[in-house]
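Colleague: Sequence isn't available, so here's the structure alone:
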């Protein structure tokens with residue numbers, strides 16, 4: 001529009017030397033040029049990115065037929081191998097997410113087409129978490145874009161913590177401690193035992209290059225991230241400390257982990273037990289030789305008599 005006004009101003013300034021008919025021709029030419037330019041600009045603005053018509057419903061039918069039907073193509077053992085969890089647990093999590101969060105419900109999108117199902121969203125998340133695959137890998141089987149796949153993973157992790165965090169991501173209460181005492185004593189003959197503590201190194205094959213120096217330990221030969229965990233007899237991991245930077249061992253991680261924070265701050269409930277006529281207020285953990293000689297750590301015998 002500014003160019004059009006400049007042309008008009010220039011044309012009108014020349015009307016002393018040109019006749020009215022010539023000035024009008026100039027005005028019409030300038031107007032036609034500006035209209036053409038605006039038409040090209042509007043065409044550029046109206047241009048949209050290419051839309052890929054993914055057959056979401058067919059992909060969902062294939063997923064259900066392969067894994068979720070009663071007479072599915074792959075049996076329960078194949079399901080656990082590929083999803084890394086049992087089929088019952090997968091269905092339980094999917095139903096809870098669908099009942100509590102709109103994102104995981106089967107909805108209509110802006111194009112009046114059915115979106116991805118709860119099963120598809122949970123499947124792409126579990127495959128990324130279990131195998132460390134890229135987000136766009138789900139496009140081959142689930143017909144899901146990388147952006148949607150990443151969004152599913154982020155919201156899945158956030159909502160699972162909201163749903164199950166108070167149940168599983170917590171320290172044992174006094175009632176839980178008494179049950180652990182009773183079970184470990186009846187099964188193993190260890191009175192006052194809360195669980196076993198140890199650290200393990202997880203291989204991080206997809207570690208970004210910028211982080212490689214932070215998670216390198218020479219005796220392993222590969223990039224690893226160390227995990228400290230306390231587990232009970234029924235595989236309840238009620239304490240985990242994961243992702244600490246540097247070349248670490250059990251002692252480094254123990255010094256930084258929040259395992260004993262409640263005891264130090266006086267928030268831990270007293271769970272007394274008696275061994276050799278001596279009363280202790282807190283339970284102990286089975287550990288290996290690298291841990292310090294504290295009363296809260298009990299180590300196995302190197303050469304047991306029996």
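Modeller: Structure's in. What do you need? Keep in mind that this is a model prediction, so the values were computed, not measured.
Colleague: Tell me where the stretch 151-300 of the chain has strands.
Modeller: All strands of the stretch 151-300 of the chain, identified by DSSP state E, counting those that start in this stretch, fall at 193-203, 224-231, 237-242, 273-275, 278-280, 284-287, 297-299.
Colleague: Indicate which one of these is closest to residue 160.
Modeller: Among these, strand 237-242 comes nearest to residue 160, with 14.6 Å by CB to CB. Yep, even glycine has a C-beta here, placed from its N, CA and C like the rest.
Colleague: In that closest one, which residues are buried?
Modeller: Of the residues in strand 237-242, 238-239, 241 count as buried by neighbour count, 16 or more other CB atoms under 10 Å.
Colleague: what packs against it?
Modeller: strand 224-231 (3 or more CB pairs under 8 Å, 6 or more residues apart in numbering; DSSP states H and E).
Colleague: so where's the chain shaky on pLDDT?
Modeller: 1-53, 110-112, 218, 301-306 (pLDDT under 70).
Colleague: Do a quick rundown of the helices in it.
Modeller: Here the chain has its helices, by DSSP state H, at 2-13, 20-46, 56-63, 76-83, 87-100, 118-131, 138-141, 146-168, 174-188, 250-256, 261-264.
Colleague: In JSON lines: those, plus mean neighbour count.
Modeller: Compiled in JSON lines, those are given as follows (neighbours: other CB atoms under 10 Å):
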{"stretch": "helix 2-13", "mean neighbour count": "12"}
{"stretch": "helix 20-46", "mean neighbour count": "12"}
{"stretch": "helix 56-63", "mean neighbour count": "16"}
{"stretch": "helix 76-83", "mean neighbour count": "14"}
{"stretch": "helix 87-100", "mean neighbour count": "15"}
{"stretch": "helix 118-131", "mean neighbour count": "21"}
{"stretch": "helix 138-141", "mean neighbour count": "17"}
{"stretch": "helix 146-168", "mean neighbour count": "15"}
{"stretch": "helix 174-188", "mean neighbour count": "15"}
{"stretch": "helix 250-256", "mean neighbour count": "15"}
{"stretch": "helix 261-264", "mean neighbour count": "11"}
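Colleague: Using a markdown table, please lay out those together with distance to residue 281.
Modeller: Below are these laid out as a markdown table (distance: least, CB to CB, whole Å):
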| stretch | distance to residue 281 |
| --- | --- |
| helix 2-13 | 83 |
| helix 20-46 | 72 |
| helix 56-63 | 52 |
| helix 76-83 | 41 |
| helix 87-100 | 36 |
| helix 118-131 | 39 |
| helix 138-141 | 51 |
| helix 146-168 | 26 |
| helix 174-188 | 11 |
| helix 250-256 | 20 |
| helix 261-264 | 9 |
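Colleague: Select, out of these, the one closest to residue 108.
Modeller: When these are compared (using CB to CB), the closest one is helix 56-63, at 11.7 Å.
Colleague: Got the domain ranges for this structure?
Modeller: If you go by automatic domain parsing, the domain ranges for the chain are 2-44, 56-167, 174-299.
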